[in-house]
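> model this:
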Amino acid sequence: MTKGKARTLLGFLLWAMTSTLQANNHILISPNQKIKIILSKSASGFNVSYQGKTVVICTRVGLATKNKAGAVTYKKIILQQQKHIQEHYKMLSGKRLICNNEATEAICILSPKLRLRLRAYNNGIAFRYELSDLQDDSIMGELTTYHIREGLRRWMQNYQPSYEDFYPMTTGQPQEASCKRHWGYPALIEAQKAQCYALYSEADITPNQSASSLKGYGNGGYQVSTDRNPLHLNGNWHTPWRVIIIGKLSDVVESTLITDLAEPSQLKDATWIHPGVVSWVYWAYNHGSKDYQVVKKYIDMAARFHLPYVLIDAEWDDMTNGGNIEDAINYARQKGVRPLIWYNSSTAWINGAPGPKFRINTPEKREKEFTWLEKSGVAGVKIDFFDGDTQPTMAYCIAILKCAARHHLLVNFHGATIPRGWQRTFPNLLSTEGVYGEEWYNNLPVLTNKAACHNATLPFTRNVIGPMDYTPCAFSDSQHPHITSNAHELALTVLFESGLQHLADKPESYYTQPAEVQHFFGKIPVAWDDTRFIAGYPGRYVIIARRKGETWYIAGINGTDKGLRTNLNLKSLRLPSTPLYIESFEDNTCKKDPWKIKKGKGRLPDQVTMIPRGGFIFIIQPRKDL
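Down below sits the predicted model:
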């Protein structure tokens with residue numbers, strides 16, 4: 001086909017798509033035509049269908065502002081300015097190296113100063129409100145309300161400012177308090193039994209916005225609830241994107257919709273950003289980095305396993321027992337390991353909290369501190385204990401990310417809100433906590449019996465929307481025991497995506513593992529070229545394949561207390577038919593030897609068996625010398 005004919009064909013397709021929209025100005029259709037946004041003719045809201053069946057119901061739209069600029073005064077919705085969006089972009093960390101942002105977009109005029117920007121994606125929808133010509137106005141709240149009928153299975157987290165809670169499977173709101181319940185993003189709904197799912201979240205928060213969550217509105221209603229925003233607004237302003245990922249479980253797990261909607265990075269040079277594995281001190285000792293000799297142990301562990309980073313955690317400003325923070329940094333550099341340094345954000349937990357405190361709260365203090373870190377050879381910062389989802393907190397986080405980038409510092413947010421696409425806009429943000437992770441074995445006994453099911457839920461919920469610093473892979477016990485198997489724990493390092501993967505256990509525990517396991521720690525990729533969902537169901541089990549270069553890592557875990565056998569359908573990986581070089585880590589039923597490790601040329605099994613709360617990893621290479 002000639003270039004001229006190709007351009008003509010493309011123009012015809014775009015014209016045909018636009019003509020379809022104009023023919024029925026109440027419907028917006030995704031590029032693959034699987035998803036349709038059907039706007040209410042009474043102008044109250046919209047429905048979303050997937051392959052012809054309604055899967056999302058939005059009963060109300062609109063904003064409330066002090067001066068009533070967001071008041072919805074229209075009589076009907078008319079789609080205007082339809083266009084086709086398509087771009088490819090690169091991610092330095094995450095589930096996929098090259099991402100595709102493709103959607104059909106239209107604008108709805110809701111009132112003289114308020115419009116609704118809608119996008120229909122192949123795997124979901126997104127919308128945001130846009131206000132214009134504001135004069136000393138302020139945001140009072142949002143009217144957006146989703147209706148999720150009773151009886152549908154859902155995995156939703158009770159709202160916590162730190163987003164550290166479980167995602168239990170339920171089928172509705174408790175009747176006695178449905179109007180008082182509060183949930184955090186993301187929220188996963190089984191919209192059609194085993195056929196279609198909808199994951200609710202948001203994306204692309206800017207410094208003049210607060211984050212939002214969901215509150216019970218009664219009778220199956222879930223209203224978008226924005227956190228505090230004290231700004232007086234003038235000129236133009238918009239909300240973050242409200243996002244619903246829609247499709248099969250594979251569409252949900254593999255989705256990059258959150259970063260698709262985020263603003264592109266303006267960073268001119270990103271060659272200094274290197275995702276990697278980190279040795280981490282806190283879990284084994286329930287303390288930070290106050291003891292210099294303990295810090296040295298974790299530096300030695302990183303050097304032994306060829307890990308690029310060591311985290312010097314809280315309390316380093318009071319470091320004793322033979323050295324201080326400068327000594328620790330110098331020791332790490334001598335060992336070829338780059339340190340990450342912990343800070344208290346000093347916005348939430350302050351009194352009684354560990355330090356250092358109040359070192360980064362103003363631009364001048366941040367500049368001074370980050371300049372020192374850069375000159376000292378520190379690779380990045382871990383910042384903890386943020387004050388929820390308010391607009392001042394969002395502005396503070398973004399200011400940290402910008403200043404850290406100027407000083408070539410990686411960032412890991414802890415005790416903080418969930419990812420909403422910042423990892424694209426600021427690629428030095430490599431991980432965020434916002435998860436009930438393995439460190440909770442230090443705090444309460446509840447994780448012992450819930451961990452397996454919780455771990456098998458996270459790939460369908462929290463980890464869909466961005467990196468998750470779960471701090472995985474503990475073979476020994478901390479304050480409270482774990483009953484997940486060794487192979488289950490190892491599988492989490494591949495199953496859970498995070499640009500900084502902190503290994504939770506103590507050095508002595510890792511040193512007692514087989515040589516193959518120790519060697520594995522030094523080669524774990526934490527930034528992936530591709531991700532494929534293989535099989536699973538939230539809370540029961542999950543199998544995911546991730547590719548780095550030509551090597552596939554297939555990880556699976558059993559979230560139940562019973563043995564599980566399932567098919568291993570890997571057709572989507574398009575593996576060569578010739579024998580492959582395979583290294584496998586599985587559970588052995590013998591208590592004296594918990595590992596079953598194999599490597600060599602062969603073929604993958606058609607089925608895989610996992611013991612209760614067990615797991616596995618298969619590493620597949622086309623040639624042994626890779």
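> Find the nearest non-adjacent residue to L580, please.
If you skip the residues right next to it in sequence, L580 has I620 as its closest partner in space, 5.3 Å away by C-beta to C-beta, 6 or more residues apart in numbering. For every residue, glycine as well, the C-beta is placed using N, CA and C.
> contacting residues around that neighbour?
With contacts defined as C-beta atoms under 8 Å, 6 or more residues apart in numbering, the neighbours of I620 are T551, W552, Y553, I554, L575, L580, Y581, I582, L604.
> From E516, how far out is K95?
When distances are taken as C-beta to C-beta, to the nearest Å, K95 and E516 turn out to be 26 Å apart.
> quick one: stretch 194-214 to chain centroid distance?
The chain centroid and the centroid of stretch 194-214 are separated by 11 Å under C-alpha atoms, centre = their mean, to the nearest Å.
> List the buried residues in that stretch.
In terms of neighbour count (16 or more other C-beta atoms under 10 Å), stretch 194-214 has its buried residues at 196-205, 209-214.
> so I557, which of the three states?
Following DSSP: H, G, I helix; E, B strand; the rest coil, I557 is assigned to strand.
> Touching, it and I611? I think so.
No. At 10.7 Å, I557 and I611 do not qualify as touching, with contact defined as C-beta atoms under 8 Å.
> Looking at these two, which has the bigger crowd around it?
When neighbours are counted by other C-beta atoms under 10 Å, I557 and I611 differ, and I557 comes out ahead with 29 against 19.
> Identify the residues contacting the residue lying closest to that one once chain neighbours are set aside.
Of all residues not flanking I557 in the chain, G615 sits nearest, at 3.9 Å (C-beta to C-beta, 6+ apart). G615 makes contact with 484-485, 487-492, 555-558, 587, according to C-beta under 8 Å, 6+ apart.
> if you go through this structure in chain order, where are the helices?
Taking DSSP state H, the helices of the chain run over residues 3-23, 249-254, 257-260, 282-285, 292-304, 325-334, 363-376, 391-406, 422-425, 447-455, 486-495, 507-511, 515-521.
> closest to M468 out of those?
Nearest of the helices of the chain to M468, taken as C-beta to C-beta: helix 486-495 at 10.2 Å.
> and the closest residue to A404 other than its chain neighbours, what are its bridge partners?
Distances taken as C-beta to C-beta, 6+ apart place V411 nearest to A404, at 5.1 Å, with adjacent residues excluded. Beta-bridge pairing for V411 (DSSP bridges): V381, L429.
> Surely V411 touches I400?
Yes. Under the contact definition of C-beta under 8 Å, V411 touches I400, with a separation of 6.7 Å.
> shared neighbours of the two, which are they?
In the contact map built from C-beta under 8 Å, 6+ apart, the residues linked to both V411 and I400 are V381, I383.
> which of the contacts of I620 are buried?
Neighbour-count burial (16+ other C-beta under 10 Å) applied to those gives T551, W552, Y553, I554, L580, Y581, I582, L604.
> From the residues you listed, pick the one nearest K506.
For the buried ones among the contacts of I620, the minimum distance to K506 (C-beta to C-beta) is 24.9 Å, reached by Y553.
> Pull the contacting residues for the closest one.
Under the criterion of C-beta under 8 Å, 6+ apart, the neighbours of Y553 are V494, P525, A545, R546, R547, I617, F618, I619, I620.
> at 6 Å instead, please
When contacts are counted by C-beta atoms under 6 Å, 6 or more residues apart in numbering, Y553 is found next to V494, R546, I619.
> Please tell me how far the nearest residue to E150 once chain neighbours are set aside sits from G466.
In space, not counting the residues next to it along the chain, E150 is nearest to G172; the distance is 4.0 Å by C-beta to C-beta, 6+ apart. With distances taken as C-beta to C-beta, G172 is found 28 Å from G466.
> Check C99 too.
Taking C-beta to C-beta as the criterion, C99 is separated from G466 by 13 Å.
> Which of these two has more residues huddled nearby?
Taking neighbours as other C-beta under 10 Å, C99 and G466 compare with G466 leading, 30 against 18.
> Strands along the stretch 51-200 of the chain, start to end?
Secondary structure of the stretch 51-200 of the chain by DSSP state E, counting those that start in this stretch: the strands cover 53-60, 63-65, 79-90, 98-111, 114-121, 124-137, 139-142, 145-147, 154-158, 169-170, 182-192, 196-203.
> Tell me the predicted confidence for the residue lying closest to S478 once chain neighbours are set aside.
By the measure of C-beta to C-beta, 6+ apart, the closest residue to S478 outside its immediate chain neighbours is Y441, 4.5 Å from it. Looking at Y441, its pLDDT reads 95.
> Look up the pLDDT of the residue nearest the centre of the chain for me, please.
For the chain, the residue whose C-alpha lies nearest the mean C-alpha position (C-alpha atoms, centre = their mean) is G466; its distance is 1.9 Å. In the predicted model, G466 carries a pLDDT score of 98.
> burial count for the nearest residue to it once chain neighbours are set aside?
Beyond its immediate neighbours in the sequence, the residue positioned closest to G466 (C-beta to C-beta, 6+ apart) is P419, lying 2.6 Å away. Close neighbours of P419, defined as other C-beta under 10 Å, add up to 28.
> and P419, what is it in contact with?
The contact partners of P419, by C-beta under 6 Å, 6+ apart, come to T432, I465, G466.
> Considering only helices and strands, which part of the protein has the lowest mean pLDDT?
Every helix and strand in the chain was compared by mean pLDDT, DSSP states H and E; the lowest is helix 3-23, with a mean of 38.
> Number of residues surrounding T73?
Number of residues near T73 (other C-beta under 10 Å) recorded here: 12.
> Now for the nearest residue to it once chain neighbours are set aside: which residues touch it?
Excluding its sequence neighbours, the residue lying closest to T73 (C-beta to C-beta, 6+ apart) is S111, at 4.6 Å. Contacts here follow C-beta under 6 Å, 6+ apart; on that basis S111 touches A71, V72, T73.
> same check, this time on T256
The contact partners of T256, by C-beta under 6 Å, 6+ apart, come to R96, C99.
> Please report how far it lies from P579.
Using C-beta to C-beta, one gets 33 Å for the distance from T256 to P579.
> which stretches of the stretch 101-250 of the chain have low pLDDT?
174-180 (pLDDT under 70).
> switch the cut-off to 50
Within the stretch 101-250 of the chain, the ranges that satisfy pLDDT under 50 run 176.
> Between the two ends of stretch 454-470, how far is it?
For stretch 454-470, the first-to-last residue distance is 12 Å (C-alpha to C-alpha, to the nearest Å).
> go on, stretch 141-155?
Its first and final residues considered, stretch 141-155 spans 25 Å by C-alpha to C-alpha.
> So what touches that stretch?
Taking C-beta under 6 Å, 6+ apart as the criterion, the residues outside stretch 141-155 that touch it are 57-64, 167, 169-172, 188-190, 217, 220-224, 226, 457, 461, 538.
> Can you select the buried ones from those residues in ChimeraX?
Below is the selection syntax for ChimeraX that covers the buried ones among the contacts of stretch 141-155, with 16+ other C-beta under 10 Å defining burial:
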select :57,58,59,60,61,62,63,167,169,188,189,190,217,220,221,222,223,224,226,457,461,538
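> I figured M140 was touching A64, is that so?
Yes. Assessed by C-beta atoms under 6 Å, M140 is found in contact with A64 at 4.1 Å.
> With only the CA atoms kept, save stretch 324-336 in CSV.
Coordinates of the C-alpha atoms in stretch 324-336 are reproduced here as CSV (Å, rounded to 0.1, in the frame of the first residue of the first chain):
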residue,chain,number,x,y,z
ASN,A,324,27.4,7.6,61.9
ILE,A,325,25.5,8.2,58.6
GLU,A,326,28.6,9.5,56.8
ASP,A,327,30.5,6.3,57.8
ALA,A,328,27.6,4.2,56.6
ILE,A,329,27.4,6.0,53.2
ASN,A,330,31.2,5.6,52.7
TYR,A,331,31.1,1.9,53.7
ALA,A,332,28.4,1.3,51.1
ARG,A,333,30.3,3.1,48.4
GLN,A,334,33.4,1.0,49.2
LYS,A,335,31.3,-2.1,48.7
GLY,A,336,29.9,-0.9,45.4
